[in-house]
Every structure is written in structure tokens, then in C-alpha cells.
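Visitor: The sequence and its predicted three-dimensional model are supplied below.
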Amino acid sequence: MIDFVATFIIFFAVIDPIGTVPVFIAVTSRFGSAEKNKIALISTLVAAAVLLFFVVAGELILIAMSIPLPAFQIAGGIVLFLFALTMIFGESKPDEEVKLLQDHRETAVFPLAVPSIASPGAILTAVLLTENNRYSLWEQAQTVAMMLAVLVVTYFLMLIAGKLNRLIGSSGASVVSRVMGLILASVATSNTLTGIKLYFGI
């Protein structure tokens, strides 16, 4: 049995649904209400498909490349930690990803589904929290359920994006993103230390 609350918080930190709201508003600024709802649904489904793909195939890809899971866990923890640092000290998620709209067409897939929702941190977390050697199939299913629950929250927040943005504003979303970065840094450190312990048999 997994820790449902802890798993939910971890995925909430890496997916950052609140930080997705400003990105969604920028992406859908030229669309009507019906189109915005459709874009929210498509982006959520695409993000879910991407994350589920890595849950199923991520570890198989590592095995095919002869990369031991502890090594991936160490590397993944380091990458997650660096990702967390950019959330804390660099530009926040909303600021960084809204800028992508200046150079790319506004679509539901990019930058909304990827990398805003299905971020590199979310992909790494999905792989690390569903390792076959550490978690049973039932525990992996529970982890996937928590991941999908966060995606449902993300979808709901996109549906009420206008009201939420008026409530907390871009500054509020940036603050939440930085707090999530601090939580993610702690999770990343834990993953790295666990990977080191497993790799060296400590």
C-alpha cells in the first residue's frame, strides 16, 4: 500500500496544476468558451497518454539500454533537483512557459500538454515511482491513480482558469510554483540518496 497523500503531493509538485493556469490562459486567449473546454480536455488526455507511456515503457527502455535502475534513480534525482532549483530561483513555470508562445503556434499539445503538464520532472517521477523491483503491480496501479487524480485536478483548474487567475493572479501562481519547487527538491534528494544506497549496496 502506497502513501496516497505523499504520492499525490509529489505529482502535484511536478505537474504543478496551478502553474499551468497562466499558460492555459495565454494559449486560449483567442478562443471561445467551447474551444477552451475542448483544448483543456485534449491537453489533459495527451499529457495522460505521455505519462502512461513512460509508466509502461520507461523501465523497459532502460533495461533495453542496460541502464540499472539505481543509476537512473540517481540521475533522475539529480535532474529533478536541478528542475526544482529552476522553479525556486529561476523563472517560475508560468513565466517560462508563456514565453514559448512567442515562438510557437498556440496548440493544446505544445506548450500546454508538453511540457507544461507532462513536464520532464513529471515523466521522471512517473518512472521512478513505478519501478517493478520496488513496487508491486497493485502499488503501481495506485500510483497511476494518484497521477491521474492530479491530472483531473489540472483539467478542472483549466476549466475555471479565468476565475482562478483573477483570484490569485500570475504572482500567486509564481509563489505556488516556487513552493512546489521546494517540495520537489526534497523529493529529488531522497530519490538520489536511495539510488546511491541501492547502487552501492549500502
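Guide: Okay, I see it.
Visitor: Near Met147, how many residues? Count them for me, please.
Guide: Neighbour count for Met147, taken as other C-beta atoms under 10 Å: 26. Heads up, the C-betas are built off the backbone N, CA and C, glycines and all.
Visitor: tell me which element it falls in.
Guide: helix 137-159 (DSSP states H and E).
Visitor: Could you list every helix and strand that that helix packs against?
Guide: Under the contact criterion of 3 or more C-beta pairs under 8 Å, 6 or more residues apart in numbering; DSSP states H and E, helix 137-159 touches helix 4-15, helix 17-27, helix 33-64.
Visitor: Now do the contacts for Asn133.
Guide: Leu69 (C-beta atoms under 8 Å, 6 or more residues apart in numbering).
Visitor: if I've got this straight, it is in a strand?
Guide: No. In this structure, Asn133 is coil, not part of a strand, as judged by DSSP: H, G, I helix; E, B strand; the rest coil.
Visitor: Give me the phi and psi angles of it.
Guide: Phi and psi for Asn133, reported as degrees, to the nearest 10, are phi -80, psi -20.
Visitor: Model confidence at it, what's the number?
Guide: At Asn133, the model reports a pLDDT of 83.
Visitor: Only the buried residues of the helix holding Met147, if you could.
Guide: 139-140, 142-144, 146-147, 150-151, 153-155, 157-159 (16 or more other C-beta atoms under 10 Å).
Visitor: Many thanks, we can stop here.
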